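Novice: Sequence first, then the predicted structure, then my questions.
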Amino acid sequence: MKIIICFFGVVPRSIQWTYPSINERILKPLKIKHNVDIYVFNMNVGSVKVDGVKMDQEKCKIISFDFFEEIDQEIVDEEINEYYSGRKCEMSYGGIDDRATINSIRTMYSEYMVSLFLEKNIGKYDVAIALSPDFYFHEPINLKDVENCSNGKIFTTTNHDSENGYTDGFYIGKPNDLSLVMKRYIYKDRYISNENNYERILKKSFLENNIERVITCLEFCKIRANKKIWGKYKISRKDPLKPFDN
């Protein structure tokens with residue numbers, strides 16, 4: 001089976017802390033039986049600090065990628081601000097200038113770039129797996145979920161199913177299905193002007209594209225650039241947080 005792994009977002013945010021778990025629990029198990037390529041889309045924040053930390057773009061190279069694309073965050077923000085000038089945005093109560101709102105739309109842009117890559121490579125891969133590079137996985141990927149993928153279904157976790165929505169940031173499915181669900185940035189008015197919750201927007205994308213959401217049991221937490229841990233699943237003393245070492 002030929003599999004494409006797609007990383008998206010601000011890649012150097014915490015990749016040195018998360019990659020050991022990604023490598024051991026996602027990449028290595030897959031590579032034992034399958035042919036795996038890796039695509040990376042990086043939102044390059046330039047000199048802007050993330051979580052109070054200046055990003056080192058060289059850390060993108062921690063990932064042994066086959067394909068790499070990036071865009072300056074300033075360019076994306078210009079597009080977002082121009083689009084929403086005078087438009088309604090219900091993404092959060094703070095409006096388009098709210099940090100949570102702009103970060104959510106940036107994430108949708110990153111997912112959109114993954115969708116374009118998948119579209120350009122339809123027919124090349126049997127399965128696509130997309131994930132945020134700041135996820136620290138606590139257990140190995142379920143290979144049966146990967147190998148049993150079928151059209152019209154996408155596996156996600158339930159780590160953060162808030163307010164009747166679907167957990168974002170980790171998807172397993174057929175490339176065409178992932179491309180449909182991850183393309184919601186270009187349908188901004190359909191989603192953002194009617195919803196103020198990111199997980200509900202994702203669920204709406206599933207429903208409108210007639211994609212069934214299937215649960216994969218995979219626990220993870222998120223690591224921020226300042227090494228703070230977010231999520232109900234914490235790093236244990238038996239599994240300490242340490243930087244990736246080639």
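Specialist: Nice, I can see it.
Novice: for the lowest-mean-pLDDT helix or strand in the chain, packing partners?
Specialist: Counting by mean pLDDT, DSSP states H and E, the weakest-scoring helix or strand in the chain turns out to be helix 188-192, with a mean of 72. For helix 188-192, the packing partners by 3 or more CB pairs under 8 Å, 6 or more residues apart in numbering; DSSP states H and E come out as helix 99-120, helix 198-208. C-beta coordinates here come from the backbone N, C-alpha and C atoms, glycine included.
Novice: how distant is the strand ranked longest in the chain from the center of its chain?
Specialist: Residue-count comparison of every strand in the chain, with assignments taken from DSSP state E, identifies strand 35-44 as the longest. Taking the mean of its C-alpha atoms, strand 35-44 sits 11 Å from the chain's own mean (CA atoms, centre = their mean, to the nearest Å).
Novice: got it, and stretch 142-152?
Specialist: Stretch 142-152 sits 19 Å away from the centroid of its parent chain (CA atoms, centre = their mean).
Novice: Would you mind extracting the C-alpha trace of it into PDB?
Specialist: Once non-C-alpha atoms are left out, stretch 142-152 reads as follows in PDB (Å, rounded to 0.1, in the frame of the first residue of the first chain):
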ATOM      1  CA  ASN A 142      -3.900   1.500  14.500                       C
ATOM      2  CA  LEU A 143      -2.700  -0.100  11.300                       C
ATOM      3  CA  LYS A 144      -6.000  -1.900  10.900                       C
ATOM      4  CA  ASP A 145      -7.700   1.500  10.600                       C
ATOM      5  CA  VAL A 146      -5.200   2.500   7.900                       C
ATOM      6  CA  GLU A 147      -5.500  -0.700   6.000                       C
ATOM      7  CA  ASN A 148      -9.300  -0.800   6.200                       C
ATOM      8  CA  CYS A 149      -9.800   2.700   4.800                       C
ATOM      9  CA  SER A 150     -12.700   2.900   2.300                       C
ATOM     10  CA  ASN A 151     -14.200   5.600   0.200                       C
ATOM     11  CA  GLY A 152     -16.600   8.000   1.900                       C
END
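Novice: so how far is residue 61 from the residue lying farthest from the centre of the chain?
Specialist: For the chain, the largest distance from the centre (CA atoms, centre = their mean) belongs to residue 86, which lies 29.0 Å off. Separation of residue 86 from residue 61 (CB to CB, to the nearest Å): 41 Å.
Novice: Let me see the ranges of the strands in the protein.
Specialist: Counting by DSSP E, the segments of the chain that form strands are 2-9, 35-44, 49-50, 53-54, 67-72, 127-131, 135-137, 153-156, 170-173, 212-215, 220-223, 229-230.
Novice: can you redo the helices and strands packed on helix 188-192 as TSV with distance to residue 79?
Specialist: Formatted as TSV, those follow (distance: least, CB to CB, whole Å):
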stretch	distance to residue 79
helix 99-120	8
helix 198-208	18
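Novice: Quick check: which of these is nearest to residue 1?
Specialist: Distances from residue 1 to each of those were compared by CB to CB, and the smallest falls on helix 99-120, at 16.1 Å.
Novice: which residues touch that closest one?
Specialist: Helix 99-120 is touched from outside by 4, 6, 8-9, 39, 41, 43, 67, 69, 71, 73, 76-77, 80, 89, 91-92, 94-96, 125, 128, 130, 168, 175-176, 178-180, 182-186, 188, 192, 198, 201, with contacts defined as CB atoms under 8 Å, 6 or more residues apart in numbering.
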